[in-house]
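# here is a sequence together with a model predicted from it:
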Amino acid sequence: MQRIRGYKYRAYPNRSQQEFFAKNFGCCRFVYNHYLEKKQQLWKEWHDTLSCNELCHDLTHVLKKEKEWLKEADSASLQQSLRHLDNAYDNFFKKRGGYPKFKSKRSAQKYCTPNNKGSIRLDGDAVIIPKAGRVKIVKTRDFDGRIVSATVSKTASGKYYISLQVEEEYELLENNGGQIGLDAGLSSLLTSSETDVIMNPKTLLRHEKRLKRLQRSLSRKQKGSANREKARRRLAIEHEKVANIREDYQHKISCRLANENQIVCAEDLDVKSMLSDHRLAKSISDASWSELLRKLEYKMADRGGMLIKVPGTYPSSQRCSCCGAINPKVKDLSVRKWTCPECGTEHDRDVNAAINILEKGLEMLASAV
């Protein structure tokens with residue numbers, strides 16, 4: 001079987017390569033914003049649009065002649081930014097995302113370039129990138145496949161990364177064949193139908209005091225000064241540390257669940273709506289349930305397993321897992337333990353919900369077959 005997988009490496013470009021990457025980031029951003037504005041004006045005045053091929057033709061024969069400095073950038077990456085713009089419009093019309101927005105130099109700095117005729121390749125402890133040359137990397141993983149494209153990115157803390165999209169052959173890994181239901185929470189990140197509790201590390205809460213101090217320090221610095229840039233970088237490094245700790249924890253949890261189970265059933269939560277509750281929004285964002293399920297989904301697929309998402313409207317907490325009776329009093333989140341009024345069974349709120357989620361997921365799987 002074949003798949004496309006990403007391999008991300010920390011990069012250490014020299015000064016000239018850093019200058020080239022900065023130019024290329026800016027050129028790709030300019031091309032994206034220029035044609036986004038052009039498409040908006042064309043639609044506003046004539047109710048017409050331009051296809052991706054027409055945009056690429058205009059870029060090559062018109063814009064590059066007007067803006068000579070665009071020729072310093074990787075031409076393939078400029079065309080790739082137009083494909084990203086086309087995909088953004090496609091996602092908007094298919095209701096998979098919002099309306100395309102203009103890119104800012106203060107947001108993520110990155111560009112993608114396709115591997116045309118082997119222009120991107122590994123060379124020992126470095127990657128050959130078009131127009132940048134041999135960029136040193138920390139080669140943490142090897143792969144055996146065809147490189148499809150490369151994405152060069154720069155974080156807010158000033159670190160460079162190169163992500164390679166590789167088409168490779170793979171074999172399914174093994175799992176222990178278990179079946180489990182998962183209920184998401186805030187005090188405990190996940191509770192399983194087997195009564196296992198995965199604790200919530202609350203990473204942001206543990207680093208919040210230092211983040212506040214660094215943010216105050218940044219706000220005192222004069223805009224445009226070197227000290228402000230140093231303070232901004234210190235704050236970015238701390239935010240990056242929080243993200244890395246959360247990412248590492250999620251990888252460990254999702255990998256363990258995928259190794260142990262053939263079927264995992266979890267609630268498909270509408271996190272976007274839940275974030276409207278400003279009392280819990282920070283804690284919900286810190287828990288990052290959606291990202292955890294995303295990691296779990298592809299790791300289950302790598303092992304031949306399946307992640308089944310139960311609709312969020314299913315009353316998993318209110319339903320008795322023994323007799324099926326519905327107890328509306330359990331809607332109150334302060335009720336952590338309750339007794340079924342029909343059969344008298346005592347329930348732990350989260351464990352009962354996880355059992356119900358497992359039963360509903362298996363029922364959905366049986367009806368789909």
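Yep, that arrived.
# so is Arg3 in a helix, a strand, or just coil?
The three-state label given to Arg3 by DSSP: H, G, I helix; E, B strand; the rest coil is strand.
# distance of it relative to Ser321?
37 Å (Cβ to Cβ, to the nearest Å). For glycine as for every other residue, the C-beta is placed from the backbone atoms N, C-alpha and C.
# which one of these two is surrounded by more residues?
Ser321 (20 against 13; other Cβ atoms under 10 Å).
# and what about the more buried one, helix, strand or coil?
Criterion first, three-state DSSP; result for Ser321: coil.
# show the contacting residues for it.
His347, Asn352, Ile355, Asn356, Glu359 (Cβ atoms under 8 Å, 6 or more residues apart in numbering).
# what bits of the stretch 1-150 of the chain have low per-residue confidence?
Low-confidence segments of the stretch 1-150 of the chain (pLDDT under 70): none present.
# where do the helices sit along it?
15-46, 52-58, 64-66, 75-93 (DSSP state H, counting those that start in this stretch).
# circling back to that earlier point, CSV for the contacts of Ser321, including distance to Lys295, neighbour count and pLDDT?
Formatted as CSV, these follow (distance: Cβ to Cβ, whole Å; neighbours: other Cβ atoms under 10 Å; pLDDT from 0 to 100):
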residue, distance to Lys295, neighbour count, pLDDT
His347, 30, 22, 87
Asn352, 26, 27, 91
Ile355, 24, 23, 93
Asn356, 24, 25, 93
Glu359, 25, 18, 93
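# how near is the closest residue to Lys329 other than its chain neighbours to Tyr161?
Nearest residue to Lys329, sequence neighbours excluded (Cβ to Cβ, 6 or more residues apart in numbering): Val335, at 6.7 Å. Val335 is 46 Å from Tyr161, where distance means Cβ to Cβ.
# same question, Thr195
Distance from Thr195 to Tyr161, by Cβ to Cβ: 40 Å.
# of these two, who's got more company?
Tyr161 (16 against 11).
# what's the helix or strand in which the more buried one is found packed up against?
For Tyr161, the element it lies in under DSSP states H and E is strand 160-169. Where contact means 3 or more Cβ pairs under 8 Å, 6 or more residues apart in numbering; DSSP states H and E, strand 160-169 is packed against strand 2-12, strand 126-129, strand 145-154.
# coming back round to it: mind putting the helices of the stretch 1-150 of the chain into JSON lines with mean neighbour count?
Formatted as JSON lines, the helices of the stretch 1-150 of the chain follow (neighbours: other Cβ atoms under 10 Å):
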{"stretch": "helix 15-46", "mean neighbour count": "16"}
{"stretch": "helix 52-58", "mean neighbour count": "16"}
{"stretch": "helix 64-66", "mean neighbour count": "11"}
{"stretch": "helix 75-93", "mean neighbour count": "18"}
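# which among those helices is found nearest to Ile147?
Comparison of the helices of the stretch 1-150 of the chain against Ile147 by Cβ to Cβ identifies helix 75-93 as nearest, at 13.4 Å.
# now the closest one, how far from the centre of its chain.
Offset of helix 75-93 from its chain centre (Cα atoms, centre = their mean, to the nearest Å): 19 Å.
# over to stretch 361-369?
28 Å.
# just to revisit the earlier point, nearest to Asn175, out of the helices and strands packed on strand 160-169?
Across these, closest to Asn175 is strand 2-12 (Cβ to Cβ), at 17.6 Å.
# which positions in the closest one come out as buried?
Tyr7, Tyr9, Ala11 (16 or more other Cβ atoms under 10 Å).
# give me the element Thr195 is part of.
Applying DSSP H and E, one finds Thr195 in no helix or strand.
# phi, psi of it?
For Thr195, the backbone dihedrals (degrees, to the nearest 10) come out as phi 70, psi 10.
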